[in-house]
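In: Sequence below, structure please.
(chains A, B, C, D, E and F)
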Protein chains: 4
Amino acid sequence: MSADPQVPLRADARRNRDQIIAAARTIFAEFGPEVPMEEIARAAGVGVGTLYRRFPDREALIRAVAVDNFSRVLEDAREAAEQEPTAWCALVRLLHQSVELHLSVQLAMLSKKAHEILKEDPVIARLREELLVELEAMVQGAQDEGTLRPDVAEGDVAMLFALLLRQLESRSPEIARMSTERSIAIMIDGLQARPGTPLPGRPLGRRDIN
Amino acid sequence: MSADPQVPLRADARRNRDQIIAAARTIFAEFGPEVPMEEIARAAGVGVGTLYRRFPDREALIRAVAVDNFSRVLEDAREAAEQEPTAWCALVRLLHQSVELHLSVQLAMLSKKAHEILKEDPVIARLREELLVELEAMVQGAQDEGTLRPDVAEGDVAMLFALLLRQLESRSPEIARMSTERSIAIMIDGLQARPGTPLPGRPLGRRDIN
Amino acid sequence: MSADPQVPLRADARRNRDQIIAAARTIFAEFGPEVPMEEIARAAGVGVGTLYRRFPDREALIRAVAVDNFSRVLEDAREAAEQEPTAWCALVRLLHQSVELHLSVQLAMLSKKAHEILKEDPVIARLREELLVELEAMVQGAQDEGTLRPDVAEGDVAMLFALLLRQLESRSPEIARMSTERSIAIMIDGLQARPGTPLPGRPLGRRDIN
Amino acid sequence: MSADPQVPLRADARRNRDQIIAAARTIFAEFGPEVPMEEIARAAGVGVGTLYRRFPDREALIRAVAVDNFSRVLEDAREAAEQEPTAWCALVRLLHQSVELHLSVQLAMLSKKAHEILKEDPVIARLREELLVELEAMVQGAQDEGTLRPDVAEGDVAMLFALLLRQLESRSPEIARMSTERSIAIMIDGLQARPGTPLPGRPLGRRDIN
DNA sequence: AATGAATGAGAGTTCATTCAT
DNA sequence: GATGAATGAACTCTCATTCAT
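Out: Below is the predicted model:
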């Protein structure tokens, strides 16, 4: 799911646009948001000129990729909420799915510059907000169920979520995968409602996390 | 604690070197490892020429900062192991200290390029190894104490540790701080020996994590 | 005559490329192969960026100029061989033409670095070889005619030729010209088959001169 | 023989100065007059500071080396004139000795910049003039002897001489040596008084060659 | 007086963006 | 509309020269 096309593009232009975003997602994820534009154009199989016709500058492209990414996560969150029997299960599923997503979303915080850019964007802000609303519902629901410790809020969960999106480089893909899964499991265990260490501070809501 | 000076530098040169590393640590942490060298030089209060006299190129500087960083963490780890009454306490302390360290170490995995550079460096490899040895001892000790869940190994802990070093940008410093502390607490809770979800895969040792 | 374009360049690109080589030939000849690239770009009427798009670095440009130069000399040699009635005349003509060429070829041995670069290049090696083959034929022919002293080989002639390409700087152009012409005449006199001092060593063939 | 020391230097300073000039001669000859000053200092076994104390800048060093070089050639010329039985022999000896000198003198015309520098220097001008006076005497003498063709002057000889100082790079030292010797012999043959091609232009005197 | 550290101007090179084809 | 060539600003790195030790 991508952004709002004012005027529906011609079929081929549309295809170009999608190819560029797909290429950019991959390349940004692998090399960071500073890769030469030409690289992205090449990966998308178009000339730089075409890229620039579609996205007036790098910022616009970064935004478009981020919108695309957030849209996907939001979709996943809604699906999880709808399909899972309990809020806790939805939360767990979402955390686990983050592994699938990390490539696409890590962009969001990959560099200070990228962050600045996205912080301003109203479309992104809206998607983000919607996502946090979903999360809040899950958190609330799971706490009502008694499955989630009561001293956390959606901001805490978003934080853990975000941590995971920062994948570590290198190492064999299987180990990378396993280590992420284990970290998630540990975190989930830490999230479970049980007598444990009381958390410092106060629950972080979605207003708290920027 | 910095790197090994073959020939003891002249006093002023030494001072400059240290200032440069300190400045680079801060600036790299804030803007990533691609900041203009001039920026770093300015922050260190020296000319670019001096920077380049000390570190033949960006790579060398990145390496030096990383060595400095790892040395600090290692030192902290040893101190924690020595001063804390139990291995569990040492582990907890180290995790919490990671907050102090994140600025300094996040560099280690901040960009693909930086990672490539550090991966090759034998000095870094040694420091890393020593750090993992410390961690292994703590993990082992805490598991013997019955305070740490038995199905994790030092690689798992290193992974959680590493996740935390990837600080998220922006947001007010107090919230950033609190959110990190809370994430740590959640993770620690998740690490505690208690009946919980069995972890997937197998304990990750230090050979597993690259 | 320039190098082999794999893919035929767009008309404007082609034009730029040629202008750059022409400008580089002149400027290299006048100021040596270390002139600022910007100088060359300016002389060619393009931006540095264009220069670098066409020639990835200085080496590539030096190579291209050398190829262009050698091609010209080779062409001249073949023309001389074909058009002149005797091998001796062809040789004499070539030596005299070297005056025209010196600007273009002196680059070949203008600096240690330039020499290193060209030594490796297979295209240059081939052109050079072809040129020496022509020279060998002339030398052989002129010796058969009895006009060229028998104790020299193509390497000796190439050496004299090369000496002349090293034009001396400064002084008025007319004098420079005259002095070169006179030196050539003296050398030609020295080359003529006549009882004279036997030469030291042995005839130098094209294998001898690197 | 080196330049005129206003105030006789202290023994060690003197030694330093000589070492620097010797080192510079070699290094300039091998790498051209643009080598880093530090390189020269290192080769001379002193710090850059010392080099700069002795020679305020690169120009001064180039000048000093040139003066040293010219002094040697002049000395050789005078020795040849004095020791050889005929002017022709002296001329021939000088040409052959040029082989020894080329390393040291080629500097004189190695780059446009170097040439500019030396052109202005009055000390060099004087040495040069003295050398040409010697040459003129030899030329005159040899023409009187009937051994040198009458249609040349000292400028012509200086020109041939200068050509030889431009050594070609690379190739085995023995071949380099032999090829130079052969070129000299060919030129000498061309210079001998014999019915040959009349030279173009007019004899070049020492006023003609810059 | 000697040394080598510091400086900063300048050269090489890259790449975002514009624009002719 | 698409393409890829041209541009020039920005960044990395080098080195002549100055100056503290």
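In: Got the domain ranges for chain A?
Out: The record's domain split for chain A, according to automatic domain parsing, is A:7-56, A:58-210.
In: Return the most buried member of the ones you listed.
Out: Each of the domains of chain A was assessed for mean neighbour count using mean count of other CB atoms under 10 Å in any protein chain shown. The highest is domain A:58-210, with a mean of 19. Any C-beta I mention is one placed from the backbone N, CA and C, and that applies to glycine too.
In: for the domains of chain A, which one sits closest to DNA strand F?
Out: domain A:7-56 (2.1 Å; CB to the nearest atom of the strand).
In: quick one on the thing from earlier: among the domains of chain A, which comes closest to chain C?
Out: Closest of the domains of chain A to chain C is domain A:7-56, at 11.2 Å (criterion: CB to the nearest CB).
In: That closest one and chain C, any residue contact?
Out: No - with CB under 8 Å from any CB of the partner chain as the criterion, chain C is not reached by domain A:7-56; the gap is at least 11.2 Å.
In: Show me where chain A has its strands.
Out: Counting by DSSP state E, chain A forms no strands at all.
In: so what's the residue of it most remote from its centre scoring on pLDDT?
Out: The centre of chain A is farthest from one residue, A:P195, which by CA atoms, centre = their mean lies 31.0 Å away. At A:P195, the predicted lDDT confidence score is 70.
In: now swap in A:P56 and tell me
Out: Looking at A:P56, its pLDDT reads 93.
In: circling back: turn the domains of chain A into JSON lines, columns for distance to chain D.
Out: Compiled in JSON lines, those are given as follows (distance: least, CB to the nearest CB, whole Å):
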{"stretch": "domain A:7-56", "distance to chain D": "33"}
{"stretch": "domain A:58-210", "distance to chain D": "37"}
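In: which phi and psi does the residue farthest from the centre of chain A have?
Out: phi -60, psi 120 (degrees, to the nearest 10).
In: by contact count, what packs against the longest helix along chain A?
Out: Looking across chain A with DSSP state H, the single longest helix is helix A:58-83. In terms of contacts (3 or more CB pairs under 8 Å, 6 or more residues apart in numbering or on different chains; DSSP states H and E), helix A:58-83 is packed against helix A:11-31, helix A:37-44, helix A:87-105, helix A:112-120, helix A:122-145.
In: Run the contact check for it versus DNA strand F.
Out: No - shown here: helix A:58-83 not in contact with DNA strand F (CB under 7 Å from any atom of the strand), separated by at least 13.2 Å.
In: quick check: angle from that helix to helix A:112-120?
Out: If you take axes from the mean of the first three to the mean of the last three CA atoms, to 10 degrees, helix A:58-83 sits at 60 degrees to helix A:112-120.
In: tilt between helix A:58-83 and helix A:11-31?
Out: Interaxial angle of helix A:58-83 relative to helix A:11-31 (the same axes, to 10 degrees): 90 degrees.
In: Between helix A:122-145 and helix A:58-83, find me the angle.
Out: Here helix A:58-83 runs at an angle of 30 degrees relative to helix A:122-145 (the same axes, to 10 degrees).
In: per-residue confidence for A:L165?
Out: At A:L165, pLDDT is 64.
In: Over to A:A22?
Out: What the model reports as pLDDT for A:A22 is 93.
In: coming back round to it: for my notes, please list the domains of chain A in TSV and give distance to D:M187 for each entry.
Out: Output for the domains of chain A, formatted as TSV (distance: least, CB to CB, whole Å):
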stretch	distance to D:M187
domain A:7-56	56
domain A:58-210	65
